[in-house]
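>>> Coordinates for the following, if possible.
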Amino acid sequence: MNLPVPVVTVGLLILSNLFMTVAWYGHLKFKTAPLLVVILVSWGIAFFEYLLQVPANRFGYGHFSAAQLKTIQEVISLSIFVLFSWLWLGERLTWNIGLGFAFICFGAFLIFHRFGAAAH
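This is a model prediction of the structure:
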């Protein structure tokens with residue numbers, strides 16, 4: 001089964017960002033856990049993030065530019081983080097978070113939009 005490069009790239013980036021978000025922020029609900037334990041557990045979780053992130057970039061580069069890959073990763077990362085902070089940490093989603101995210105998505109649009117002949 002040959003999946004299109006964008007499907008593989010985005011799929012791996014979504015999975016890698018799930019691991020990254022848990023590694024970086026999951027411990028915030030466990031403030032009494034010793035910091036060294038939190039660091040080691042987070043490091044272990046982040047290992048799986050790298051196992052997915054590196055192939056995503058390897059497969060995607062060439063189909064996407066490096067700037068486009070980074071943009072995809074950041075939009076996915078922020079999307080997952082917003083959901084994670086709401087569902088796991090119980091934080092409210094406010095209008096300014098939504099507006100800020102809309103501006104980031106507009107920036108992503110600018111990176112992906114082909115303006116004139118200078119775009120590749």
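>>> Can you give me the buried ones in stretch 67-83?
Neighbour-count burial for stretch 67-83, counted by 16 or more other C-beta atoms under 10 Å, picks out 68-69, 71-73, 75-78, 80-82. From N, CA and C alone the C-beta is placed, and that goes for glycine too.
>>> Next up, the contacts around the most centrally placed residue in the chain.
Centroid-nearest residue in the chain: S77, 2.3 Å away (criterion: C-alpha atoms, centre = their mean). By C-beta atoms under 8 Å, 6 or more residues apart in numbering, the contact set of S77 is 17, 20-21.
>>> same deal with W24?
Applying C-beta under 8 Å, 6+ apart, the residues near W24 are 42, 46.
>>> next SSE after the longest helix along the chain?
Across the chain, the longest stretch assigned as helix under DSSP state H is helix 35-60. Using DSSP states H and E, the next helix or strand after helix 35-60 towards the C-terminus is helix 66-87.
>>> tell me the angle the helix or strand that that following helix is followed by makes with helix 66-87.
Under the assignment DSSP H and E, the closest C-terminal helix or strand after helix 66-87 is helix 95-112. Orientation check (axes from the mean of the first three to the mean of the last three C-alpha atoms, to 10 degrees): helix 95-112 against helix 66-87 gives 160 degrees.
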